[in-house]
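Asker: what's the 3D shape of this:
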Amino acid sequence: MTDGLKPHQVSVGIFVHNEESVITKVLQSMLEQQSSYFQISEIIVIATDCTDRSIELIKNHQKDDWRIQLIIEPKKLGKIFSVVHFLGEASNDWCVISSGDVYPEENCLDVLFRELNEDPDSMRIGMFGPRVVPTLEEEMNVTQRINQELWNVHHAISVNSPKLGELVVVNKSHLDEVKMNIGCDEVLLEEAITRNRHLLKYYSNATVFNFSPKRYSELFSYVRRVRAQHILVHNYNGYSTSSYSIVKNLRCIVSGIRKREIKIIGFIGLALTIIPAFSLAKIDTLAGRNYLNWNRSESTRSKNSGLI
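Answerer: I've put the predicted structure just below:
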């Protein structure tokens, strides 16, 4: 029930770069999102530098649902540029920003907007998001298990202080200018929201699924890149994510282990990954690398990833 309130009109942005193996699942999952709390009036898919069948598949879906719009960007400047492009095209203030390789649980947006409506701070909230959960497989290798603990740690930290990712909802009327100097779109949006004195919220009862890299080198590169991006935002924009200080968040991690939300063996594997990855990330920032673009994880798109 919405207590007589009109449902929020929502624009959805999905960002695609060579996602032919996943885009059908991603679009179907988004189209199935229904609720009395919101109404999706448009789905804007921004396809950047695609050389596979992604654009062809998106056009096929356009024939079945008039809400799907396609914007083709021939050159890959960085995801944050595509996000700002989408925000400029979106006709609604409430905008869902989703990576092209994640998909929401069936009731994800329903839970998110219900939580928003019931939140006493709702008028001050500028950005919120769900819990990110890697898709489970019957047989998972060590890399996938370490990745699972990475997102369990992300959850433990976010419950205490929101750190949003993969799929976020933004009220663009609450955004200050979005800086586009570093390649981490969610963090730059967080910074633009909080700079304008609006709130971030983490609604962990909602879930979005992503897919674990199967190769350790890809997971290591991911941890290294994200850490470097967070350091650069801290250094150049003066904004620290809630996950920036590992020492500060040790209490959250210990609490997660006690609650058995974080498995200690998996966390040891994660710690052995984080220590060298963070060290190399620091070197990357000193060398002037900004990570506006990066090599994606190919193993998450493989046919045994659970998407097809």
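Asker: endpoints of stretch 33-53, how far apart?
Answerer: 25 Å (CA to CA, to the nearest Å).
Asker: repeat that for stretch 254-262.
Answerer: 9 Å.
Asker: now do it: distance to the chain's middle.
Answerer: 23 Å (CA atoms, centre = their mean, to the nearest Å).
Asker: may I see the buried residues of that stretch?
Answerer: 256-257, 262 (16 or more other CB atoms under 10 Å). Heads up, the C-betas are built off the backbone N, CA and C, glycines and all.
Asker: want to throw the residues you listed into a markdown table with distance to Thr194?
Answerer: What follows is these, written out as a markdown table (distance: CB to CB, whole Å):
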| residue | distance to Thr194 |
| --- | --- |
| Gly256 | 24 |
| Ile257 | 29 |
| Ile262 | 27 |
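Asker: Asp49: which of these is nearest?
Answerer: Ile262 (37.1 Å; CB to CB).
Asker: coming back round to it: of the buried residues of stretch 254-262, which belong to helices?
Answerer: Applying DSSP state H to the buried residues of stretch 254-262, the entries found in helices are 256-257.
Asker: show me which of the buried residues of stretch 254-262 is closest to Ser158.
Answerer: Gly256 (10.7 Å).
Asker: skip the chain neighbours and tell me the closest residue to that closest one.
Answerer: Of all residues beyond its chain neighbours, the one nearest Gly256 is Ala156 (3.4 Å), with distances taken as CB to CB, 6 or more residues apart in numbering.
Asker: what's the neighbour count on the one you found?
Answerer: 21 (other CB atoms under 10 Å).
Asker: does it sit in a helix or strand, and which one?
Answerer: helix 142-160 (DSSP states H and E).
Asker: flag every buried residue along that helix.
Answerer: 143-159.
Asker: run through who's touching it.
Answerer: Applying CB atoms under 8 Å, 6 or more residues apart in numbering, the set of residues contacting helix 142-160 from outside is 131-134, 136-137, 140, 163-165, 202, 204, 210, 212-216, 218-219, 223, 242-243, 249, 252-253, 255-256, 261-263, 266-267, 269-270, 273.
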